[in-house]
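# okay, predicted coordinates and the sequence, questions at the end:
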Protein chains: 6
Amino acid sequence: MFYHIKELQYESKPSCPDPVYAKKLQEVLGGQYGEITVMMQYLMQGFNCRADPKYRDLLLDIGTEEIAHVEMLATLIARLLDNAPVDQQERAAEDPAIEAILGGMNPQHAIVSGLGAMAIDSAGYPWNAKYTIASGNLLADFRANLNAESQGRLQVVRLYEIADDPGVKDTLSFLIARDTAHQNQWKAAIHELETREKDIVVPTTFPRELEKQAVSYDLYNLSRGDASSKGRWAQGPAPDGRGYFQYIQSPQPYGPQPHLIPAPIYIHDTLPMSKM
Amino acid sequence: MFYHIKELQYESKPSCPDPVYAKKLQEVLGGQYGEITVMMQYLMQGFNCRADPKYRDLLLDIGTEEIAHVEMLATLIARLLDNAPVDQQERAAEDPAIEAILGGMNPQHAIVSGLGAMAIDSAGYPWNAKYTIASGNLLADFRANLNAESQGRLQVVRLYEIADDPGVKDTLSFLIARDTAHQNQWKAAIHELETREKDIVVPTTFPRELEKQAVSYDLYNLSRGDASSKGRWAQGPAPDGRGYFQYIQSPQPYGPQPHLIPAPIYIHDTLPMSKM
Amino acid sequence: MFYHIKELQYESKPSCPDPVYAKKLQEVLGGQYGEITVMMQYLMQGFNCRADPKYRDLLLDIGTEEIAHVEMLATLIARLLDNAPVDQQERAAEDPAIEAILGGMNPQHAIVSGLGAMAIDSAGYPWNAKYTIASGNLLADFRANLNAESQGRLQVVRLYEIADDPGVKDTLSFLIARDTAHQNQWKAAIHELETREKDIVVPTTFPRELEKQAVSYDLYNLSRGDASSKGRWAQGPAPDGRGYFQYIQSPQPYGPQPHLIPAPIYIHDTLPMSKM
Amino acid sequence: MFYHIKELQYESKPSCPDPVYAKKLQEVLGGQYGEITVMMQYLMQGFNCRADPKYRDLLLDIGTEEIAHVEMLATLIARLLDNAPVDQQERAAEDPAIEAILGGMNPQHAIVSGLGAMAIDSAGYPWNAKYTIASGNLLADFRANLNAESQGRLQVVRLYEIADDPGVKDTLSFLIARDTAHQNQWKAAIHELETREKDIVVPTTFPRELEKQAVSYDLYNLSRGDASSKGRWAQGPAPDGRGYFQYIQSPQPYGPQPHLIPAPIYIHDTLPMSKM
Amino acid sequence: MFYHIKELQYESKPSCPDPVYAKKLQEVLGGQYGEITVMMQYLMQGFNCRADPKYRDLLLDIGTEEIAHVEMLATLIARLLDNAPVDQQERAAEDPAIEAILGGMNPQHAIVSGLGAMAIDSAGYPWNAKYTIASGNLLADFRANLNAESQGRLQVVRLYEIADDPGVKDTLSFLIARDTAHQNQWKAAIHELETREKDIVVPTTFPRELEKQAVSYDLYNLSRGDASSKGRWAQGPAPDGRGYFQYIQSPQPYGPQPHLIPAPIYIHDTLPMSKM
Amino acid sequence: MFYHIKELQYESKPSCPDPVYAKKLQEVLGGQYGEITVMMQYLMQGFNCRADPKYRDLLLDIGTEEIAHVEMLATLIARLLDNAPVDQQERAAEDPAIEAILGGMNPQHAIVSGLGAMAIDSAGYPWNAKYTIASGNLLADFRANLNAESQGRLQVVRLYEIADDPGVKDTLSFLIARDTAHQNQWKAAIHELETREKDIVVPTTFPRELEKQAVSYDLYNLSRGDASSKGRWAQGPAPDGRGYFQYIQSPQPYGPQPHLIPAPIYIHDTLPMSKM
């Protein structure tokens, strides 16, 4: 169960409105790696958690913080949209600056949300739950979380570079710092799980002898040129400590040509000439 | 540019048809973490690669292999659908076994694809490109790749547990082994990049002094109960070697209550009483 | 900013697992009118609220409660999935009851989420933000909210009728009661706004003389048969108190036939014969 | 069965082309609350109607009108796109006005539709059927309809404010008036159903004693600050006439902490330490 | 502008309910090639038509018929859902037949639509406008229409094969016949346009000398094995009468290896070693 | 199984960057009829092919070529994005030209992909598998392919008209020529199948006597005005050689008015007055 207080986790106040930047900022609110994604991902992982209570608690600690980040970004976007000059009157002057704003902003911020933030990305695509994963396997999911925080911090940093409003930059500097914290935390949690499970290959509980072990460490040179043979991933012991990478210069198929049998007539597929 | 040979990378032949299992197997062909996802993700990362040629080559080596995995799974699914008993004639006998098959299979395998594989998941949802990322930052993207291979291997393993056809199990054991290889390879590549960039926090090129460093290592106890304080993520030096984790027992807001100003009248939002 | 406590708002414990029912219950978690919808809708309306503080507070009161409902339903679904018999071993017995369960459950609950709830509906379609609206006009939005609670309660009631587990029924009876409360609350809030704005037609701030008032109260009989002329909507004073309904027996067009001019040649549309 | 006549319900002719405005106008054709939404929603509700013939007739009267609105808006958009200056030749002059048009229009209007309207919104997102509902419960659905007409009129009004072409404004003034009519009509129909069913809580046919009546009128103060306690929704008799609102100052959980049991090993979730 | 009459274009009455078949039948109502697709595609092509009036009229003739097909299928599905035995009471008997029905039907037909048809396909995926095209080029669009009628008739035929209810079969036999008519009609219209435009390559208005004509008739043998060289498409004059097919046994690249330059530092992509 | 070589099928090198054009070019990479669509469509049709080997080989020949087209367009887009001036520093000068670029480019090219191509269209909508079809019936599918190449070439031609960079135009002229080839090839393949199957109506294997043959050649004049009666599709022998087109001046319904029975009470639909 949740409680809300009205204070923001951190101030979210631009120095002046900028509806064009508001459109861009939507990416880290409602985009593939925006705050709604991490909020929903961590909360669902937490609610579904069947492992040790400390993992559930960690997920719900950070997941609850992310709701506050959604709130901060929504507030920031709403303020960037303050007084967007979209009416006919103001445009009558044919001020090119106003036209530029109108051309660059997302029209839905005027028409649909009435100068409010939306759960969409910077191209106007709505947030959807396929951005998230909660698999029940925490090593897999913490890797998803580390990835989400990495892509997320990268995007916020790029938005920081584009920004020139000091208020916006200040809010983003807070979010960037929190992404630093979360990358470190998921990294630490991953390390703990890898150590505890004594393997790095998810899921660690599947008996290795059931997989086709002959190919478990091969790198197939399927793109001509052997630049990739120079990396650590192509030679030496593999990170899981159970095998050695092999670089296969000229990979060949293990299987035969497939031939599919004709479909029954009631399916009305095209029949081969020989069956007509 | 690409070339195709007719041979499969590995044999994909079930012992007998099973349209209900075909529906489930769609998950790892056209689902969020299926083979189409890794195929498209690695190819796009490779095509867009602006970094060292060896990374581009690695991405295109593995990306090209994944097209072969799409081919293998499509073939396996088509064969599992062989002679699905969907016509009225065969059902006339009211054989409960046939009814069970019909109830459990995806009707689109009969109606839409004519006993062919589709680019959908096990719930019939179509593949879409938001399952993929190519950010230009390879450390971020290799973490995405490691996550994709982790979730992917987990799902194939679960399908292996559900399967009882030895042919299916054989094909899956090959795919599981390749996911082992790929998890090891992305892990090695991540380690190389982290070493080279001398940091683990993506993007490593953003000056740390521009972020709000006071909060870069805090864990906020926002979900009551302090089970999460017991983990490595809550104390000691952070993995990036630049700070120490702090567990904040009673986190407080840094920001004030936000107040949004009323919208201009031409937006037709609800005005506060005081402005009416 | 938000805080979480570990206790559930209300107990969510089925008497025994039922993965088939779990699939159905997903509708009111991640469906069009599920709890995620109202959670996101109320929170976004609250964060964006530019009107009186009491409306913002009301939205955030109820929005915060809905996060707890998401938590309750996720917990309920996870428990309904406990020990789902999906492995080969258990199925070896060819127990028809087990086969029925396997046929009726969503395979993603085994393959993707590892017996956890997902942000999807009962057909496996992922939640997306287009299920929500926050327009900035509270009378419009409260009508959206009343609708959401009406559709939502209807769906929970239908799931109650289908259920036979007393634990499930108990949890649903709580959610149904809360939907009763919320329908009443939005109804009261709508009434307050309609009274304060002295009109029922959203937006009330648009000058009526700018609309084509001659047709503001007409009902056009465009579906042959005049059964619809018998309702209150076809005669007498309209609810807004500004006009009288007119039933137009044989509606005629006000406009002419449209003719579109040919596209410029560089568009490569088909040109009319006369222009070729 | 349907018949078409070539005349438009109302003239839809801009004074001059404006491809940037055409992009914005798409919102009320193919957006969440555009004309396609109400057309499909009313027709499907009508086709599925199992209640009195007069409701079916009303739905099909208005649903049939909405097809004409789709036609009007498609015509208006196509005309706004007349002669859009997208070819290289015309742009050669580097006229900034032309560049502004090109920057602000939806490129798909040139590349995909060849200067035609599309079933998309102002951000280019395609219309989908999840914008609609037909639940079989008319009180719920008429509330959905009232909401759709409220959001729809709000959006058309905002587009009217942005417009400066008298032809466009004339067409929009007709659509605004029709939305006035439809809001009044659904309001009247809702009132009739609420009266007839002697309750306002959908579905009215569910026995109230089966819901957890102790919480049916509570408002939980989950967002700190008691501004919301000042509204009608927090005190006095509820609109359904069956209870009294209660404002709960310090809401507490009714349920315990949930604990989920570990998943079976064949699911390969992370196991708690104690089970490893 | 449109008018509706209550009569169906053709009777749509199953002999008895069958909610499992109703789920499957949804494919041709709300699926990729269902009736909603052709309805929306033809109407939008007609509304946007800038060519000769006879094409506009043809499109609106057939498009208007398709609305009637939507109505027929919605009616058929609603009747197939009559009295679906979804409540707890009826299921109490644990009748396996009832359980089979419940397992095979789409739960949304009970929970969401209240025994009504929905604008979804047989896997529960909602209809969306990307199923349609209206490009302004009628030769292209009539090919889209011929394809839609081909896929559509194929799907209805497959559903006919699965059906055993004589009422259902009767309705489908009508729809199949109409698809026969429409395939013939689009075929005739395509032939007329190809003749009039004196070419078969869309768009026929683009000067051929601007394309890289050296490769305009090549077939590249990129999938090893030369079975494809045996077809008409690999030799002899091409259908457009302007060139001869060439079978290229060993296709080689025309372009060089691409090298992308590093991104500017403010993008925070991974830099090549040499630039670090 | 597939192999990749680093050389491009054709050079893809713009003379200078143009991020605004990059946004538009995305349409033919990741749009409805972009290269990803034909790549996936042909590969899946090939993998699923149950007919003669020469058709499978043809599909995989062309499908494999399309992967190279995806590579070419991705490369072209990445280069058009080179050095996009998105940082604060460069924008400080307030150069209107730079602002125009920033306003017209897709912000995701900076924020999400780091100056890389994405699997999206020109409006930012992600590619999804519903753009493709593989039905098992090759005559249907080759018509889908001919349509895809027609719409695709039309879009590339429109982009060619908009372009002014000679490098871009050169690459597009290659793609246009290949689309010429593919339109001819599918046309030839269609003709071969129609000849072999001795019919043009898909599926040709369904017995005509099972369809309602009385209406198999009618054109219903449902849109007032008889312009459509002047076409070949309204009179004379039909293309399938089995009937004669009939123009029905005043089409009447064949079916009665439908009446749906009330839903069972446990569905909680609105009941008709007479059943209350």
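On my side now, so go ahead. Numbering: from 1, shown residues only, chains lettered A, B, ... in the order given.
# on the three-state scheme, the residue nearest in space to the middle of chain A is what?
Centroid-nearest residue in chain A, with Cα atoms, centre = their mean: residue A:33, separated by 3.3 Å. Each residue gets one of three states, and residue A:33 gets coil by DSSP: H, G, I helix; E, B strand; the rest coil.
# got it, and residue A:3?
strand.
# off-centre distance for the longest helix anywhere in chain A?
Across chain A, the longest stretch assigned as helix under DSSP state H is helix A:166-197. On the basis of Cα atoms, centre = their mean, to the nearest Å, helix A:166-197 sits 14 Å off its chain's mean C-alpha point.
# other SSEs contacting the next helix-or-strand element following it?
Counting by DSSP states H and E, the element after helix A:166-197 in chain order, helix or strand, is strand A:218-220. Applying 3 or more Cβ pairs under 8 Å, 6 or more residues apart in numbering or on different chains; DSSP states H and E, we find strand A:218-220 packed against strand A:246-248, helix B:53-80, helix B:166-197. From N, CA and C alone the C-beta is placed, and that goes for glycine too.
# just send those back as TSV, with distance to residue D:66 and mean neighbour count too.
TSV is the format used below for the helices and strands packed on strand A:218-220 (distance: least, Cβ to Cβ, whole Å; neighbours: other Cβ atoms under 10 Å in any protein chain shown):
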stretch	distance to residue D:66	mean neighbour count
strand A:246-248	62	17
helix B:53-80	42	26
helix B:166-197	50	22
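# could you export these as TSV, including distance to residue F:148?
Shown next, in TSV, are the helices and strands packed on strand A:218-220 (distance: least, Cβ to Cβ, whole Å):
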stretch	distance to residue F:148
strand A:246-248	36
helix B:53-80	19
helix B:166-197	30
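# you'd agree residue A:107 is up against residue D:24?
Yes - taking contacts as Cβ atoms under 8 Å, residue A:107 lies within contact range of residue D:24: 4.6 Å.
# need the overlap of contacts for these two.
Residues touching both residue A:107 and residue D:24 by Cβ atoms under 8 Å, 6 or more residues apart in numbering or on different chains: residue D:122.
# picking that back up, correct me, but the residue nearest to the centre of chain A touches residue A:151?
Yes - with contact defined as Cβ under 8 Å, residue A:33 counts as touching residue A:151 (4.1 Å).
# shared neighbours, these two?
residue B:133.
# can you give me the pLDDT of residue A:41?
Looking at residue A:41, its pLDDT is 98.
# for it, list the residues it contacts.
With Cβ under 8 Å, 6+ apart, residue A:41 has these contacts: A:63, A:131, A:132, A:133, A:134, A:144, A:145, A:148.
# nearest to residue A:245 among those?
Each of the contacts of residue A:41 was scored against residue A:245 by Cβ to Cβ, and residue A:144 proved nearest at 25.0 Å.
# any residue of the helix or strand hosting that closest one up close to chain B?
When elements are assigned from DSSP H and E, residue A:144 belongs to helix A:138-162. Yes - interface with chain B: helix A:138-162 contributes A:139, A:140, A:143, A:144, A:146, A:147, A:150, A:151, A:153, A:154, A:157, A:160 (Cβ under 8 Å from any Cβ of the partner chain).
# can you check stretch A:98-108 too?
No - judged by Cβ under 8 Å from any Cβ, stretch A:98-108 and chain B are separated, with a smallest distance of 12.7 Å.
# centre of the chain to that stretch, how far?
27 Å.
# what's next to it, contact-wise?
So stretch A:98-108 is contacted by A:19-20, A:22-23, A:26, A:84-86, A:90-91, A:118, A:120, A:124, D:20, D:23-24, D:27, D:100, D:103-104, D:121-123, F:99-100, F:102-103 (Cβ under 8 Å, 6+ apart).
# among these, which ones are buried?
A:19-20, A:22-23, A:26, A:84-86, A:91, A:118, A:120, A:124, D:20, D:23-24, D:27, D:100, D:103-104, D:121-123, F:99-100, F:102-103 (16 or more other Cβ atoms under 10 Å in any protein chain shown).
# contacts only, for the closest residue to chain D within the stretch 151-276 of chain A.
In the stretch 151-276 of chain A, the residue that lies nearest chain D is residue A:203 (3.9 Å; Cβ to the nearest Cβ). By Cβ under 8 Å, 6+ apart, the contact list for residue A:203 reads A:137, A:139, A:140, B:153, B:154, B:157, D:268.
# same thing with residue A:9?
Counting by Cβ under 8 Å, 6+ apart, residue A:9 has contacts A:65, A:68, A:69, A:71, A:72, B:253, B:254, B:255, C:1.
# among those, which are in reach of chain E?
Applying Cβ under 8 Å from any Cβ to the contacts of residue A:9, none is adjacent to chain E.
# quick one: which of the residues you listed is nearest residue C:15?
residue A:65 (35.5 Å).
# span of stretch A:120-133 from start to end?
Distance across stretch A:120-133, first residue to last, is 19 Å (Cα to Cα, to the nearest Å).
# hmm, that stretch touching chain E?
No - no part of stretch A:120-133 sits near chain E under the criterion Cβ under 8 Å from any Cβ; the closest distance found is 12.4 Å.
# what mean pLDDT does that stretch get?
Averaging pLDDT along stretch A:120-133 gives 98.
# starting at the chain centroid, how far to that stretch?
With Cα atoms, centre = their mean, you get 10 Å for stretch A:120-133.
# again, but for stretch A:65-81
Centroid separation between stretch A:65-81 and its chain, computed with Cα atoms, centre = their mean, is 18 Å.
# that one near chain B anywhere?
Yes - if you take Cβ under 8 Å from any Cβ as the test, stretch A:65-81 does meet chain B, through A:65, A:72, A:75, A:78, A:79.
# number of nearby residues for the residue nearest to the second one when sequence neighbours are not counted?
With Cβ to Cβ, 6 or more residues apart in numbering or on different chains as the criterion, residue A:72 has its nearest non-adjacent residue at 4.5 Å, and that residue is residue A:12. Around residue A:12 sit 27 other residues, with neighbours defined as other Cβ atoms under 10 Å in any protein chain shown.
# now swap in residue A:16 and tell me
Applying the criterion other Cβ under 10 Å, we find 11 residues in the vicinity of residue A:16.
# so it touches residue A:166, yeah?
No - with contacts counted by Cβ under 8 Å, residue A:16 stays clear of residue A:166, the gap being 10.2 Å.
# who are the contact partners of the residue nearest to residue A:64 when sequence neighbours are not counted?
Excluding its sequence neighbours, the residue lying closest to residue A:64 (Cβ to Cβ, 6+ apart) is residue B:222, at 3.9 Å. For residue B:222, the contact set (Cβ under 8 Å, 6+ apart) comprises A:60, A:61, A:62, A:64, A:65, B:251, C:2, C:3, C:4.
# ok, the first one - contacts?
Under the criterion of Cβ under 8 Å, 6+ apart, the contact list for residue A:60 reads A:42, A:43, A:46, B:222, B:223, C:4, C:6.
# so which of these are in strands?
residue C:4 (DSSP state E).
# before we move on, back to that, other SSEs contacting the longest helix of chain A?
Judged by 3+ Cβ pairs under 8 Å, 6+ apart, helix A:166-197 is in contact with helix A:53-80, helix A:138-162, strand B:218-220.
# that older thread, also near chain C: which of the contacts of residue A:203, exactly?
A:137, B:154, D:268.
# pretty sure residue A:1 contacts residue C:70?
No - applying Cβ under 8 Å, one finds residue A:1 not in contact with residue C:70, separated by 10.8 Å.
# in the stretch 101-250 of chain A, what residue lies closest to chain D?
residue A:124 (2.8 Å).
# which SS class is that residue?
coil.
# who's in contact with it?
With the criterion set at Cβ under 8 Å, 6+ apart, residue A:124 makes contact with A:26, A:106, A:108, D:121, D:122, D:123, D:124, D:125, F:123, F:124.
# switch the cut-off to 6 Å
Contacts for residue A:124 (Cβ atoms under 6 Å, 6 or more residues apart in numbering or on different chains) come out as A:106, D:123.
# and what of residue A:68?
A:9, C:1, C:2.
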